[in-house]
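Colleague: Using only what follows, build the 3D model:
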Amino acid sequence: MLRRAEGKVSTIILVREGLQVVRVIMRHSGKEERAVHYTDSSPPLRPGDVVILNVTAEELGLGSGGYHIVLPADAMDSVLPVAERLPDGHIMKLKYTPLQRSVLAVEEENSRFHPLFQKEKTLEGMPVLLGELHSMLPVALCWLRYREQKSNQPVKMASNVAYIMTDGGALPLAWSQHIAQLEVMGWLQSTITYGQAYGGKLEAVNKFSALIAAKHAAKADICLVTMGPGIVGTGTRYGYSGIEVGELVNAVYALGGTPIVIPRLSFADERPRHRGISHHTLTALELAARCPAILPFPQCIAEEYAIIQEQLKRLETHQIRMMPSVPTEQIAESFRSYPLPITSMGRGLWQDPIYFQGVCAAVDCAIQLHSPST
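Modeller: Now for the predicted structure:
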């Protein structure tokens, strides 16, 4: 069901590449509410413009971030400049929906990277950090930069980082505030979207070609892969979008990379299935991953360690690596230069430190594998 409502734009709050955030006075209630408008498919909005909004997620309380979505105007009223209407690419994303759009994929003949995909390529051992939650991305990059600054030897891999966004969550890359901020700060050099996700600096058809693009088109030293914001879960064993982590392990392994899974950890989540190692991580690696992955863990206090050790018995086919636990104060220090708040499931660093320590353990493991002497 698609629920619509009409409103009038009152204020432009934020503008960034491909996206506007606006305040809209709702016709039915007179209340002022926030909405997101994608400018890659429609002209920018101005105060006074009347818009039709998709209010479905907000009315159902699905945690879409507190925003309605502006629906594209009638095609006759939303003519874009010729250069934007006629892209070079012929690969459709959001295909066979009213919002389908063409992109230039790295694999296409018109792409300057097309010759790369005519030959067999591997990842040449490149470390690939695989995370389930989008919030793992800013934590990982904050910690990677912190390690670079504090190390006696330069952490070379921090200088060229590629991010691949899957289509397990939000589909427009422009939705992510973290990606926009990380690009502005120069901490993220390349973005790649594949499947139905779109908006990366490079577009790819599937996870395999996206990984090859990270290594050979973006020339990345390390790659991070997560879905966009908005993981789907149903409280069942199989019905969650994060199970894709297991599929990504297989792809990285098959392409000759080093799959390093960021564990989803919590001792603050009240749901038993997410206590210790989340069942999401356990199921993805136990069921979906048919190839071995490296699975780093931070050392925990005695009680927590016992819980995790019992859970790890289910993952004996993978390479478990216990890493020195990072003090919470050091993680907080690594966040000081990052202006946006970083939370997971509404919890910050001091509310659930083990979650953040798990991400840092995975980064430290990747650094060790890439530069054993550091």
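
Colleague: Point out where the chain drops to low pLDDT.
Modeller: Scanning the chain for pLDDT under 70 picks out the ranges 1, 61-65, 74-88, 98, 152-158, 301-302, 371-374.

Colleague: Contact partners for residue 334?
Modeller: Contact analysis of residue 334 by C-beta atoms under 8 Å, 6 or more residues apart in numbering lists 142-143, 145-146. Any C-beta I mention is one placed from the backbone N, CA and C, and that applies to glycine too.

Colleague: Find the residue closest to it in space, skipping its chain neighbours.
Modeller: Residue nearest to residue 334 in three dimensions, not counting chain neighbours: residue 146, with 3.6 Å by C-beta to C-beta, 6 or more residues apart in numbering.

Colleague: Give me the helices and strands touching the helix with the most length in the chain, please.
Modeller: If you go by DSSP state H, the chain has its longest helix at helix 353-370. Here helix 353-370 touches strand 127-130, helix 136-150, strand 258-261, strand 265-266, strand 294-298, strand 319-323, helix 328-335, going by 3 or more C-beta pairs under 8 Å, 6 or more residues apart in numbering; DSSP states H and E.

Colleague: between the ones you listed, which gets nearest to residue 97?
Modeller: Closest approach to residue 97 among the helices and strands packed on helix 353-370 is made by helix 136-150 (26.7 Å; C-beta to C-beta).

Colleague: Would you mind writing the CA trace of the closest one as PDB?
Modeller: The C-alpha atoms that make up helix 136-150 are tabulated as PDB, following Å, rounded to 0.1, in the frame of the first residue of the first chain:
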ATOM      1  CA  MET A 136      29.400   0.200  11.200                       C
ATOM      2  CA  LEU A 137      30.800   2.300   8.300                       C
ATOM      3  CA  PRO A 138      31.500   5.600  10.200                       C
ATOM      4  CA  VAL A 139      32.800   3.700  13.200                       C
ATOM      5  CA  ALA A 140      35.200   1.700  11.000                       C
ATOM      6  CA  LEU A 141      36.500   4.800   9.200                       C
ATOM      7  CA  CYS A 142      36.900   6.900  12.400                       C
ATOM      8  CA  TRP A 143      38.900   4.100  14.000                       C
ATOM      9  CA  LEU A 144      41.000   3.500  10.800                       C
ATOM     10  CA  ARG A 145      41.900   7.200  10.700                       C
ATOM     11  CA  TYR A 146      42.600   7.200  14.400                       C
ATOM     12  CA  ARG A 147      45.000   4.200  14.000                       C
ATOM     13  CA  GLU A 148      46.700   6.000  11.100                       C
ATOM     14  CA  GLN A 149      47.300   9.100  13.300                       C
ATOM     15  CA  LYS A 150      48.600   7.200  16.300                       C
END
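
Colleague: circling back to that earlier point, is it possible to export the helices and strands packed on helix 353-370 to TSV including distance to residue 171?
Modeller: Formatted as TSV, the helices and strands packed on helix 353-370 follow (distance: least, C-beta to C-beta, whole Å):
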stretch	distance to residue 171
strand 127-130	19
helix 136-150	16
strand 258-261	24
strand 265-266	27
strand 294-298	29
strand 319-323	33
helix 328-335	28
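
Colleague: just checking, which of the ones you listed sits deepest inside the structure?
Modeller: strand 127-130 (a mean of 28; mean count of other C-beta atoms under 10 Å).

Colleague: Can you pull out the residues in contact with that one?
Modeller: Residues outside strand 127-130 that contact it (C-beta under 8 Å, 6+ apart): 140, 157, 211, 222-226, 245, 248-249, 252, 257-262, 293, 362-363, 366, 369-370.

Colleague: what's the neighbour count on the residue nearest to residue 213 when sequence neighbours are not counted?
Modeller: Leaving out its chain neighbours, the residue that sits closest to residue 213 by C-beta to C-beta, 6+ apart is residue 106, at 4.7 Å. Using other C-beta atoms under 10 Å, residue 106 has 27 neighbouring residues.

Colleague: which residues sit in contact with residue 106?
Modeller: 113-114, 116-117, 202-204, 209, 213, 217.

Colleague: Greatest separation within these: which pair is it?
Modeller: Based on C-beta to C-beta, the longest span within the contacts of residue 106 runs between 116 and 203 and measures 14.2 Å.

Colleague: So for the two, which sits in the more crowded spot?
Modeller: Neighbours were counted for residue 116 and for residue 203 using other C-beta under 10 Å; residue 203 has more, 27 against 17.

Colleague: I'd like to know how far the more buried one sits from residue 192.
Modeller: 7 Å (C-beta to C-beta, to the nearest Å).

Colleague: ok, now residue 41?
Modeller: 20 Å.

Colleague: which of the two has more neighbours?
Modeller: residue 192 (27 against 16).

Colleague: Give the bridge partners for that one, please.
Modeller: Listed by DSSP bridges, the beta-bridge partners for residue 192 are residue 164, residue 202.

Colleague: from memory it sits against residue 204, does it?
Modeller: Yes: counting by C-beta atoms under 8 Å, residue 192 does reach residue 204; the two are 5.8 Å apart.
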